[in-house]
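K.L.:
Show me how the following folds:
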Amino acid sequence: MKIYIIRHGYAGEESDGQDPKRSLDDDGVEATEALADWMALNNEVPNVIYTGIRTRCIETAEILRKAFGLPKARTEDGLAPGKGNA
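P.N.:
Numbers count the residues shown, from 1 in each chain. From the prediction side, this is the model:
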């Protein structure tokens, strides 16, 4: 089993540190699409995608999901900053 840990794509400048609705910017979309292309080319394709609940995380997961033809990503509140036991 392989586990890929991918941080969300670029999302511009932080506004106040607590900006869960900040979207990917154009660079973030482009970089995420390039990552998906690279992963597919190198046969590094996941079976499932889990994502945090912030907008930019969901947008990143959706780009990857579409590129790999996977079902909807599973959102997990525990993947948000300050959550979980890590």
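K.L.:
ok, which stretches of the protein are strands?
P.N.:
Along the chain, the stretches classed as strands by DSSP state E are 50-51, 74-75.
K.L.:
Indicate which one of those is closest to Ile5.
P.N.:
Among the strands of the chain, strand 50-51 comes nearest to Ile5, with 10.1 Å by CB to CB. (C-beta placed from N, C-alpha, C; glycine too.)
K.L.:
Name the residues that touch that closest one?
P.N.:
Contact with strand 50-51 is made by 57-58, 60-61, 73-76, 79, as judged by CB atoms under 8 Å, 6 or more residues apart in numbering.
K.L.:
Top of these by number of neighbours, please.
P.N.:
Neighbour counts for these (other CB atoms under 10 Å) peak at Thr60, which has 28 neighbours.
K.L.:
I figured it hits His8, correct?
P.N.:
Yes - if you go by CB atoms under 8 Å, Thr60 and His8 touch, sitting 4.3 Å apart.
K.L.:
what helices or strands is the least confident helix or strand in the chain by mean pLDDT leaning on?
P.N.:
None of the helices or strands of the chain scores lower by mean pLDDT, DSSP states H and E than strand 74-75, at a mean of 90. In this structure, strand 74-75 packs against strand 50-51, with contacts taken as 3 or more CB pairs under 8 Å, 6 or more residues apart in numbering; DSSP states H and E.
K.L.:
how about 6 Å then?
P.N.:
Of the remaining helices and strands, none touches strand 74-75 by 3 or more CB pairs under 6 Å, 6 or more residues apart in numbering; DSSP states H and E.
K.L.:
Just give me how far that strand sits from the chain centre.
P.N.:
For strand 74-75, the distance from its own C-alpha centre to the chain's C-alpha centre is 11 Å (CA atoms, centre = their mean, to the nearest Å).
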